[in-house]
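>>> what's the 3D shape of this:
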Amino acid sequence: MNNSSQPLANQVAIVTGASSGIGAAVAKALAAAGAAVAVNYSGHAEGADDVVQSIEQAGGRAFSVHADVSREDQVQAMFAQTIERYGTVHILVANAGLQQDANFLDMSLAQWQKVIDVNLTGQFLCAREAAREFVRRGVQPAISKAAGKIICMSSVHEVIPWAGHVNYAASKGGVMLLMKSMAQELAPHRIRVNSIGPGAIATPINQEARDTPEEERDLLRLIPYGRIGEPEDIARVAAWLASDEADYITGTTIFADGGMLLYPGFESGG
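Predicted coordinates:
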């Protein structure tokens, strides 16, 4: 089996939405753990190239690959390119996601559809292609106890309602039951499927929520642990979930949220 410093040695990972933020941190963490990484991007090629360069400078292996995860043909092409380059895939981190916020009464069908297409349908398409490759290849005991690992990037908003963001919250609620249903169906194939549920993480997607000191203070009131998370907080969870140390974990969401799900509004008795 793989040594403790490189628990993902000889494995291949695809990380979607990896040109910035959480995805970039996850790609780097998986590479540091020994995996060769396909760094997916949709619109920010330069960011993906920077992630690849960072991985290679640290002695890892990576390449950038373009795909809009909401497009079946592009997802299939991404997997084909990765398999052509590295031989197979062992790990998928379905991270690509976006927000298009609006009050419910004003939300357009286009705003609703775009978020569902990327955040939910995109995870379905990527996970299906990954699972097909895992089943085709089967378990390689010298490399991993599992045939494959799928990690869905969810959110605390798979649990917490979010006014003004009904498309995003609905997409993450969908990811939760997509993940659990896949885990149930794929477990006999020795495929593990889990989610990570970040809370407030300092990434471009939520920059507007912390632009000013006042906004940051308001955000911190929702976080009992007293700090906004960093992408690396999520990346460490992903690298561990992908490893054999987490081999008996499937069908669950690990929340990394500084206690946001503790409902801090009730900390003084409600």
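
>>> three-state assignment of residue 172?
Per DSSP: H, G, I helix; E, B strand; the rest coil, the local secondary structure of residue 172 is helix.

>>> For the stretch 51-200 of the chain, which segments count as helices?
Counting by DSSP state H, counting those that start in this stretch, the stretch 51-200 of the chain has these helices, from start to end: 72-86, 109-116, 122-137, 166-186.

>>> can those go into CSV with extra columns for mean neighbour count?
Just so you know, the C-beta spots here come from the backbone N, C-alpha and C atoms, and that holds for glycine as well. Putting the helices of the stretch 51-200 of the chain into CSV (neighbours: other Cβ atoms under 10 Å) gives the following:
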stretch, mean neighbour count
helix 72-86, 17
helix 109-116, 15
helix 122-137, 21
helix 166-186, 20
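
>>> With mean pLDDT as added columns, please give those helices in JSON lines.
Compiled in JSON lines, those are given as follows (pLDDT from 0 to 100):
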{"stretch": "helix 72-86", "mean pLDDT": "98"}
{"stretch": "helix 109-116", "mean pLDDT": "98"}
{"stretch": "helix 122-137", "mean pLDDT": "98"}
{"stretch": "helix 166-186", "mean pLDDT": "98"}
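
>>> out of those, nearest to residue 231?
Proximity to residue 231, assessed across those by Cβ to Cβ, is greatest for helix 166-186 (17.8 Å).

>>> Which secondary structure elements does the closest one sit against?
Applying 3 or more Cβ pairs under 8 Å, 6 or more residues apart in numbering; DSSP states H and E, we find helix 166-186 packed against helix 109-116, helix 122-137, strand 148-153, strand 191-198.

>>> quick one: strands adjacent to the last one?
Each strand pairing with strand 191-198, determined using DSSP bridges, is listed with its direction: strand 148-153 (parallel), strand 253-256 (parallel).

>>> Out of these, indicate the one that is most buried.
Sort the strands paired with strand 191-198 by mean neighbour count, taking mean count of other Cβ atoms under 10 Å, and strand 148-153 sits at the top with a mean of 28.

>>> what's the angle between it and helix 122-137?
170 degrees (axes from the mean of the first three to the mean of the last three Cα atoms, to 10 degrees).

>>> Columns distance to residue 37 on top of the helices of the stretch 51-200 of the chain, output as a markdown table?
Output for the helices of the stretch 51-200 of the chain, formatted as a markdown table (distance: least, Cβ to Cβ, whole Å):
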| stretch | distance to residue 37 |
| --- | --- |
| helix 72-86 | 9 |
| helix 109-116 | 26 |
| helix 122-137 | 14 |
| helix 166-186 | 21 |
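
>>> Those: which one's closest to residue 47?
That would be helix 72-86 among the helices of the stretch 51-200 of the chain, by Cβ to Cβ, at 16.6 Å.

>>> For that closest one, list the C-alpha coordinates in CSV.
Taking C-alpha atoms only, helix 72-86 is exported to CSV below (Å, rounded to 0.1, in the frame of the first residue of the first chain):
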residue,chain,number,x,y,z
GLU,A,72,-22.1,16.0,-21.5
ASP,A,73,-19.8,16.0,-24.5
GLN,A,74,-17.2,18.2,-22.8
VAL,A,75,-17.3,16.1,-19.7
GLN,A,76,-16.7,12.9,-21.7
ALA,A,77,-13.9,14.5,-23.6
MET,A,78,-12.2,15.6,-20.3
PHE,A,79,-12.3,12.0,-19.0
ALA,A,80,-11.0,10.7,-22.3
GLN,A,81,-8.1,13.2,-22.3
THR,A,82,-7.2,12.3,-18.7
ILE,A,83,-7.4,8.5,-19.3
GLU,A,84,-5.3,8.9,-22.5
ARG,A,85,-2.6,10.8,-20.5
TYR,A,86,-2.6,8.9,-17.2
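
>>> circling back to that earlier point, present the strands paired with strand 191-198 as TSV; the columns should include distance to residue 91 and mean pLDDT.
Formatted as TSV, the strands paired with strand 191-198 follow (distance: least, Cβ to Cβ, whole Å; pLDDT from 0 to 100):
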stretch	distance to residue 91	mean pLDDT
strand 148-153	5	98
strand 253-256	16	98
